[in-house]
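# let's see this in three dimensions:
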Amino acid sequence: MTSPAIVVENVTVHYGEVLALDSASLTLDHSRICGLVGMNGSGKSTLFKTIMGMVKPDSGRVLINGHPPMKTRKEAGIGYVPQSEDVDWAFPLSVRDVVMMGRYGHLGFTRRPRKADRDAVEQALERVELGEFADRQIGQLSGGQKKRAFVARGIAQGATMMLLDEPFAGVDKRSEATITRLLRELAADGATILISTHDLHALPQLCDEAVLLMRKVLMHGSPDVVLQPENLAMAFGLDVMNRG
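Have a look, this model is predicted:
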């Protein structure tokens, strides 16, 4: 029997005295797109880092395809699209360099890209419609293009799991449509995708399911159910859907 793509089981995380996650539990199956909804400080980024094995929980456990997260990371199985503020856009890397970073887990001892690696990068760039910008310094791209570059990194990586932290923040409509289409294609090919987002209106069209988080998982179900005003009030303390 195939293991679920992600199992988060009673995970608690503290940063010093601050409680970031409180016995959070979540199970995601393969080939699904799940939206993670919660206010700032609700633990969304901590949940991402715990799933990726970057944060060790105080208690509870995380399994990726039935294994500890580090095993999946070493196998280059997890792709990550960070929030814009978490990236040094002044660093002297081209768009192609950033996408090639996704191939590091596939490179041999010499860490020198082979033809297969270069081909994977070029194909990923074309897929996200950034081929013509491949040699441009990454910080020179628009907000939407930057997000697409990191999606391309995950594609070149061959990731079976994609975690996207606010992928639509500051993104133009073309990039939003391109990213949405790509995520749908990746899920159809078997990838599991978890998206942290404040864009509640786009959730039903993009996601198969949604999770409401406030340090613990308050609700997990279809977007139409999770986004009901009375449910959002549990996490936000107000009727988010009527804020305009």
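# could you export the helix or strand L63 falls within as PDB, CA atoms only?
Assigned by DSSP states H and E, L63 falls within strand 59-64. Included here for strand 59-64 are C-alpha records, laid out as PDB according to Å, rounded to 0.1, in the frame of the first residue of the first chain:
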ATOM      1  CA  SER A  59       7.500  16.500  19.700                       C
ATOM      2  CA  GLY A  60       5.600  14.600  17.000                       C
ATOM      3  CA  ARG A  61       6.900  13.500  13.600                       C
ATOM      4  CA  VAL A  62       6.900  14.200   9.900                       C
ATOM      5  CA  LEU A  63       7.000  11.500   7.200                       C
ATOM      6  CA  ILE A  64       7.400  12.200   3.500                       C
END
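# show me what it is packed against.
For strand 59-64, the packing partners by 3 or more CB pairs under 8 Å, 6 or more residues apart in numbering; DSSP states H and E come out as strand 6-15, strand 18-28, helix 44-51, helix 69-74. Glycine gets a C-beta too; all of them are placed from N, C-alpha and C.
# ok, of the ones you listed, where does mean pLDDT dip lowest?
Comparing those by mean pLDDT, the weakest confidence falls on helix 69-74, with a mean of 82.
# what's next to that helix, contact-wise?
Helix 69-74 is touched from outside by T50, I51, M52, G53, V62, I64, N65, I78, G105, M161, with contacts defined as CB atoms under 8 Å, 6 or more residues apart in numbering.
# repeat the analysis, applying 10 Å as the threshold.
Residues outside helix 69-74 that contact it (CB atoms under 10 Å, 6 or more residues apart in numbering): 5-6, 49-56, 61-66, 77-78, 80, 105, 159-161.
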